[in-house]
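> Just the structure for this:
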Amino acid sequence: VQLQASGGGLVQTGGSLRLSCAVSGFTLDDFAIGWFRQAPGKEREGVSCISSSDPSPYYADSVKGRFTISRDNAKNTVNLQMDSLKFEDTAVYYCAANPSLAGLDHANYWGQGTQVTVSS
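Have a look, this model is predicted:
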């Protein structure tokens, strides 16, 4: 099982980025996928997650209305569209995979992280 996160970069406040998590070794229908982030000096926090067993993706309150998670089963990829970015969105973003939503924050499988920097 491998996860490859990409799409991070430097963007101005109000801008957009699209993160991608390419997975291999399993199919998306069998796993829940989550995006997490960790800013310097802060604890890791869950941003969004999606699962075939739950029709409603989860979003942290801090990103609701601005971020959209989606799955592309044909490409075995989970994307995180981030719009109206704020300075406080600056963090390293990670994707993770777990057989179920429960315990996703302690998943066994993690991507390597991609840096998102929002300039004020």
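> how distant is stretch 9-28 from the center of its chain?
The gap between where stretch 9-28 is centred and where its chain is centred comes out at 7 Å by Cα atoms, centre = their mean, to the nearest Å.
> Next, the contact list for the residue sitting nearest the centre point of the chain, please.
Residue closest to the average C-alpha location in the chain (Cα atoms, centre = their mean): W35, at 2.5 Å. Shown in contact with W35 (Cβ atoms under 8 Å, 6 or more residues apart in numbering): 19, 21, 46-49, 69, 78, 80, 93-96. C-beta: built from backbone N, CA, C; applies to glycine.
> just A97 next, same as before
So A97 contacts V1, L3, V23, F26, F31, A32, I33, G34, A107, N108, Y109, W110 (Cβ under 8 Å, 6+ apart).
> Can you turn the buried part of the contacts of W35 into a PyMOL selection?
In PyMOL, a selection of the buried entries from the contacts of W35 looks like this (16 or more other Cβ atoms under 10 Å):
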select buried, resi 19+21+46+47+48+49+69+78+80+93+94+95+96
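> hmm, back to that, may I have the helix or strand encompassing the residue nearest to the centre of the chain as CSV, with CA atoms only?
Per DSSP states H and E, W35 falls inside strand 32-38. Below are the C-alpha coordinates for strand 32-38, written out as CSV (Å, rounded to 0.1, in the frame of the first residue of the first chain):
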residue,chain,number,x,y,z
ALA,A,32,-11.5,5.5,3.8
ILE,A,33,-9.1,8.3,2.8
GLY,A,34,-8.4,11.4,4.8
TRP,A,35,-6.5,14.6,4.5
PHE,A,36,-4.7,15.9,7.6
ARG,A,37,-2.5,18.9,8.2
GLN,A,38,0.1,19.9,10.6
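> and the following helix or strand past that strand with strand 32-38, angle?
Once the chain leaves strand 32-38, the next helix or strand it forms, by DSSP H and E, is strand 45-51. Strand 45-51 runs at 170 degrees relative to strand 32-38, counting by axes from the mean of the first three to the mean of the last three Cα atoms, to 10 degrees.
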